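In: 3D, please:
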Amino acid sequence: MASQRYAVTQPPIETIFTWIKSGEIAIPEIQRPFVWKAVKVRNFLDSLYQGYPVGFLIAWRNPDVKLKDGTSSHGRRILIDGQQRVTALMAALLGREVVNSNYQNSRIRIAFHPGRGQFEVMNSAIRKDVSWIPDISEVFDPNTSMFQFVGDYCERNPGTKQDEVFRSIELLRGITNNQIGLIELAGELDIETVTEIFIRVNSEGVPLNQADFAMSKIAVNETYGGNMLRKAIDYFCHLAVAPEFFPTIQNDEEFTKSEFFPRMKWLQGENEDLYDPSYTDMLRVAFTSEFRRGRLEDLVALLSGRNFETRQYEEAIVENSFSRLRQSVLRFMNETHFKRFIMIIRSAGFVDAAMIGSQNALNFAYVLYLALRDSGVPNEEIERQVRRWFVLSVLTGRYSSSPETAFDHDIREIHVQGISTYADNVVLGELSDAFWEASLPQAMNTSVASSPYFRLFQAAQVKANDLGFLSQDINVRELVEVKSDVHHVFPRNYLKQHGMTRGQYNQIANYVVTQSEINIAIGNKEPQVYFTQLEEQYNGGPRRYGNITDPDALRDNLRAHCIPDGVDEMTADDYPEFLDARRKLMAKKIRGYFEGL
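Out: As a prediction, the model looks like this:
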């Protein structure tokens, strides 16, 4: 019979707070984005107030690590499930600010009605209603005198009974005395077992985020500067999204003295949003490029000191892993590296963040960039290989499922075979003539506007410096960057009038990038009509659609947008034939674009 590998206790919430303040139990600091909506915080507090069960917290004790003198150090607890609940309590009861998903500091104010025992998210109506306590953090403030507080409340609400109000508020304050279930997992458990336990205990069965595991591991280790490294990762990701956050970082005097601060100062004036990495992205890139591994669970094991051969935990491995990760994070945030990488992606035609459909394709491209730099590959070859691999990844959906497995396989093979040999082998295996001539056109039979194939087609047009649809002077790059219109070659309402469904008229093979005024001018006209008017336009007639007045220029424009010959005579009955022909032309253009990278 297997020995029990966990312990269950029921500490009061106040004890959890005390452990967090003392560092006995670690959770990611409040700088991490808080994803709960305020109404969910309200419901959580109401459940506690009513005495309902609110689920278990799960903590995993850091493994005992073998020290150099042969003794063991006992690890601290890491909270691996329940971080949002604990953060919600600290925000609502203790008045702590949280950082929302937009990296903005915000307060969650929960109001309480003593007479009804009711919670609500504070709003302007509640603020004006004196029967509500607008912010319950006042009740939990140790400097608040309850006698004075209740007296003031009753004075504002004549007719209320002081004893009843006092009793209701004491019940509210008693939330911190409520017990909450805590499952403590043994330190010797590996991450796979911990994940399995988590899924079985957690009613929703959501897999654990390995990046959160890693960030907790980093934050809890002060011996090797993990607390500062954790800040560096969070601050960089925050600053990349919100440069105005820089003065807040400057107020962190301890951090400004670290080696990380000078390396990220350049972000304070940076508004480029093509690559705004999350902490998961940053960890994944830094780890994979340095350790030649793709699974973040391996990072967690290494930061715990695991020797993969002996299955023991050793301090020397902890020290070495933190040192290598620190250097890799510094490489990640290096201004020259970061900007040159963005330049490479832009040079492939991806000039707007909306064109980036796969963050993991972008992540691995940066992994490749950093790995090739470390290997001493010439800059021109780095640019070519990174550009080519990124487009290959998007084209094949290489990292859309099981990205960690793909990362792990690719980085190992790249180091074994070399990027040129490995990339050529992948291209031969996955991008055959059959792919270009049959599979890709078939895959383009979709009405999903965010399709990677339409984005790739746009990138091909940007790379070729194509003009916008029916434009004489404005190119696709400029139109994409100003978020211009996507026009239907066969107008949507025209097709709807002929009985077409959304899935039919919104086909990506019916899309072109054009100026708003050209889109508006075409309106609902069928191709036969507006192409006849274009013929009149280049024969001296009125200019209705852009400034094209030359038949050769029009022909070149239609060819650049892969519009099949004969479109000027097509009707709704010819629409399926048009789509089929254009998909093949678009696939051919994407192939030429890829092979020219």
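In: Now the residue nearest in space to the middle of the chain: phi and psi?
Out: Nearest to the mean C-alpha position of the chain, counting by Cα atoms, centre = their mean, stands Ser278 at 5.4 Å. Taking degrees, to the nearest 10, you get phi -80, psi 170 for the backbone angles of Ser278.
In: Which residue, other than its chain neighbours, is closest to it?
Out: Ranked by Cβ to Cβ, 6 or more residues apart in numbering and with sequence neighbours excluded, the top spatial neighbour of Ser278 is Cys237, at 5.8 Å. For glycine as for every other residue, the C-beta is placed from the backbone atoms N, C-alpha and C.
In: Could you point out the helix or strand that follows whatever helix or strand Met343 lives in?
Out: Assigned by DSSP states H and E, Met343 falls within helix 335-347. Once helix 335-347 ends, the next helix or strand along the chain (criterion: DSSP H and E) is helix 359-374.
In: list the buried ones in the helix or strand just after that following helix?
Out: Sequence-wise, the next helix or strand downstream of helix 359-374 (DSSP H and E) is helix 379-396. The neighbour-count check on helix 379-396 (16 or more other Cβ atoms under 10 Å) flags 382-396 as buried.
In: what does stretch 322-337 give?
Out: For stretch 322-337, the neighbour count (16+ other Cβ under 10 Å) marks 322, 325-326, 328-334, 337 as buried.
In: ok, now stretch 111-119?
Out: Buried residues in stretch 111-119 (16+ other Cβ under 10 Å): 111-112, 114, 119.
In: What is the nearest of those to Ile419?
Out: Nearest to Ile419 among the buried residues of stretch 111-119 is Phe119, at 57.2 Å by Cβ to Cβ.
In: contacting residues for that closest one?
Out: Applying Cβ atoms under 8 Å, 6 or more residues apart in numbering, we find Phe119 in contact with 42, 45-46, 49, 110-113, 136.
In: how about JSON lines for the buried residues of stretch 322-337, with distance to Tyr224 and secondary structure added?
Out: Shown next, in JSON lines, are those (distance: Cβ to Cβ, whole Å; DSSP: H, G, I helix; E, B strand; the rest coil):
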{"residue": "Phe322", "distance to Tyr224": "4", "secondary structure": "helix"}
{"residue": "Leu325", "distance to Tyr224": "9", "secondary structure": "helix"}
{"residue": "Arg326", "distance to Tyr224": "8", "secondary structure": "helix"}
{"residue": "Ser328", "distance to Tyr224": "14", "secondary structure": "helix"}
{"residue": "Val329", "distance to Tyr224": "13", "secondary structure": "helix"}
{"residue": "Leu330", "distance to Tyr224": "15", "secondary structure": "helix"}
{"residue": "Arg331", "distance to Tyr224": "18", "secondary structure": "helix"}
{"residue": "Phe332", "distance to Tyr224": "18", "secondary structure": "helix"}
{"residue": "Met333", "distance to Tyr224": "19", "secondary structure": "helix"}
{"residue": "Asn334", "distance to Tyr224": "21", "secondary structure": "coil"}
{"residue": "His337", "distance to Tyr224": "24", "secondary structure": "helix"}
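In: average pLDDT across the longest helix anywhere in the chain?
Out: Using DSSP state H, we find that the single longest helix of the chain is helix 575-595. The pLDDT scores in helix 575-595 average 97.
In: Remind me what it packs against, helices and strands.
Out: In this structure, helix 575-595 makes packing contacts with helix 379-396, helix 440-443, helix 452-463, judged by 3 or more Cβ pairs under 8 Å, 6 or more residues apart in numbering; DSSP states H and E.
In: Among these, which comes closest to Asn506?
Out: Using Cβ to Cβ, these put helix 452-463 closest to Asn506, at 11.0 Å.
In: Figure out how far the next helix or strand after that closest one is from the centre of its chain.
Out: Next along the chain after helix 452-463, taking DSSP H and E as the criterion, comes helix 476-481. Its chain's C-alpha centre and that of helix 476-481 lie 24 Å apart, by Cα atoms, centre = their mean, to the nearest Å.
In: May I have helix 476-481 exported as PDB, CA atoms only?
Out: This file holds the C-alpha atoms of helix 476-481, laid out as PDB (Å, rounded to 0.1, in the frame of the first residue of the first chain):
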ATOM      1  CA  VAL A 476      -1.100  47.100 -48.500                       C
ATOM      2  CA  ARG A 477       1.500  47.700 -45.800                       C
ATOM      3  CA  GLU A 478       0.100  51.200 -45.200                       C
ATOM      4  CA  LEU A 479      -3.500  49.900 -45.300                       C
ATOM      5  CA  VAL A 480      -2.800  47.100 -42.800                       C
ATOM      6  CA  GLU A 481      -1.000  49.500 -40.400                       C
END
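In: That one: which residues count as buried?
Out: So helix 476-481, judged by 16+ other Cβ under 10 Å, has buried residues 476-480.
In: Could you point out which of those is nearest to Ile175?
Out: Nearest to Ile175 among the buried residues of helix 476-481, with distances taken as Cβ to Cβ, is Val480, at 52.1 Å.
In: For the nearest residue to the closest one once chain neighbours are set aside, list the residues it contacts.
Out: Nearest non-adjacent residue to Val480, counting by Cβ to Cβ, 6+ apart: Asp352, 5.1 Å away. Listed by Cβ under 8 Å, 6+ apart, the contact set of Asp352 reads 274, 480-481, 483.
In: Closest to Gly418 out of those?
Out: When these are compared against Gly418 (criterion: Cβ to Cβ), the nearest one is Leu274, at 28.1 Å.
In: Tell me if I'm right that the closest one and Gln359 touch.
Out: No: applying Cβ atoms under 8 Å as the test, Leu274 and Gln359 come out as separate, 11.2 Å apart.
In: Now do the shared contacts for those two.
Out: By Cβ under 8 Å, 6+ apart, Leu274 and Gln359 have no common neighbours.
In: what's the spacing between the closest residue in space to Val448 that isn't next to it in sequence and Ser450?
Out: Leaving aside its sequence neighbours, Val448 sits nearest to Ile508 (Cβ to Cβ, 6+ apart; 7.4 Å). Separation of Ile508 from Ser450 (Cβ to Cβ, to the nearest Å) stands at 10 Å.
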